[in-house]
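Participant: take a look and give me a structure for this.
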Amino acid sequence: MSHPIKSYLLYLRPKSFLPTFIFVLTGYVLGPFSGRGAPQFISDLAFMALVYSVLIWGGANAFNADQDADTGPMNLLPNPPARPPRLGAFGIAMMAIGVALSIAKGHLVFALSACGMLASVYYSWVNPWWRRGKEIPGIDILINAGGCGLGSVLAGYAFNTGTLSSSAWLVGVAFTVAIFGGLPTSQIFQMEAAGGRDHINDYATRMGARFVLRSGAFLFLLHIVLLASVSLRENPVWRLGPSLLLLAWGFLVVAAAIHSWLWANAPFHQPYLRMLRQLSLMMASQVCWIGAQIWNRYSE
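Facilitator: Presented below is the predicted three-dimensional model:
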């Protein structure tokens, strides 16, 4: 068999499963936990990870790789195997299965999942009728940041409660801002050190690596302001454990901002390793914030 199943699975980009689960978990922990035993809680999270991270997000990754027809390094897949046949159809099928399964959590979750699939198709699909979102500088990052931030938070909250709330919207916007600041670094490592490839038409190439990194530092700090305002409103009574986790969250975001600003001095020096370092700082900060929310809710 020239194209084993392993190739299809690799194009789902399994390294993306954990971070995308963290994105949707951010919204889930905003809802109540009372009245749920450990088995129900674990099964809920497992189903959410399957639908959102593996099927919808993984399928979007596979469809994007097929439409790009790239043979070089990709985000979270620096050494991709040869593309198997009908990879795009495989990606669409994975997303469709995820959307279909999401109806088990209600019509709102189904609608949000369907919107995520449509946004992914618009972002990646090469077609003769309109310019795909990936080829519009600024829109490319906005779609990704909206999907990782606001879209994920709303989906996670809806998974938990079947509804939406103003807090979910505000938290989603705050994380969208942070992700918009950090995500363009995934485009930098694909650019040539001489200033980027002329045939690539994305946000980082259009705006320049230095601008992307320095503006990212400011967006990280704005993220702190936005999310701190939500935390102060939602948690008027401070407890030691959650407070320490929130302090860790703020420290890591500030560290990411400093790292981004310093990286701008030499944007093409070890860009892949620096991207991983910066995104790891942001992921770790988000985990700390999630931990603080869980601790607060179980302490109520």
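Participant: A strand includes P81, no?
Facilitator: No. Under DSSP: H, G, I helix; E, B strand; the rest coil, P81 sits outside any strand and is assigned coil.
Participant: show me the contacts for it.
Facilitator: K6, S7, L10, Y11 (Cβ atoms under 8 Å, 6 or more residues apart in numbering). Using the backbone N, CA and C atoms, a C-beta is placed for each residue, glycine as well.
Participant: and L279, by the same measure?
Facilitator: P19, G182, T185, S186 are the contacts of L279 under Cβ under 8 Å, 6+ apart.
Participant: repeat that with 7 Å
Facilitator: Shown in contact with L279 (Cβ atoms under 7 Å, 6 or more residues apart in numbering): G182.
Participant: of the contacts of P81, which belong to helices?
Facilitator: K6, S7, L10, Y11 (DSSP state H).
Participant: which PyMOL command selects the buried ones in these?
Facilitator: Buried subset of the ones in helices among the contacts of P81, written as a PyMOL selection, criterion 16 or more other Cβ atoms under 10 Å:
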select buried, resi 7+10+11
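Participant: could the ones in helices among the contacts of P81 go into a markdown table alongside pLDDT and distance to Y203?
Facilitator: Listed next are the ones in helices among the contacts of P81 as a markdown table, based on pLDDT from 0 to 100; distance: Cβ to Cβ, whole Å:
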| residue | pLDDT | distance to Y203 |
| --- | --- | --- |
| K6 | 84 | 32 |
| S7 | 86 | 29 |
| L10 | 88 | 26 |
| Y11 | 89 | 23 |
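Participant: what's the closest of the ones in helices among the contacts of P81 to L244?
Facilitator: L10 (38.7 Å; Cβ to Cβ).
Participant: now do the closest one against S113, distance only.
Facilitator: 24 Å (Cβ to Cβ, to the nearest Å).
Participant: could you do L77 as well?
Facilitator: L77 is 24 Å from S113, by Cβ to Cβ.
Participant: ok, L213 next?
Facilitator: For L213, the distance to S113 - Cβ to Cβ - is 33 Å.
Participant: same question for G149.
Facilitator: Counting by Cβ to Cβ - G149 and S113 are separated by 16 Å.
Participant: what helix or strand is P39 located in?
Facilitator: According to DSSP states H and E, P39 maps onto helix 38-48.
Participant: for that helix, which positions count as buried?
Facilitator: L45, M48.
Participant: mean confidence for that helix?
Facilitator: When pLDDT is averaged over helix 38-48, the result is 87.
Participant: just how off-centre is it within its chain?
Facilitator: 21 Å (Cα atoms, centre = their mean, to the nearest Å).
Participant: so what touches the helix or strand following that helix?
Facilitator: Next helix or strand after helix 38-48 toward the C-terminus (DSSP H and E): helix 58-68. Where contact means Cβ under 7 Å, 6+ apart, the residues beyond helix 58-68 that reach it are 11-13, 16, 74, 83, 87-88, 90-92, 94-95, 98, 120, 124-126.
Participant: after helix 58-68 comes which helix or strand?
Facilitator: Next element after helix 58-68 (DSSP H and E): helix 87-102.
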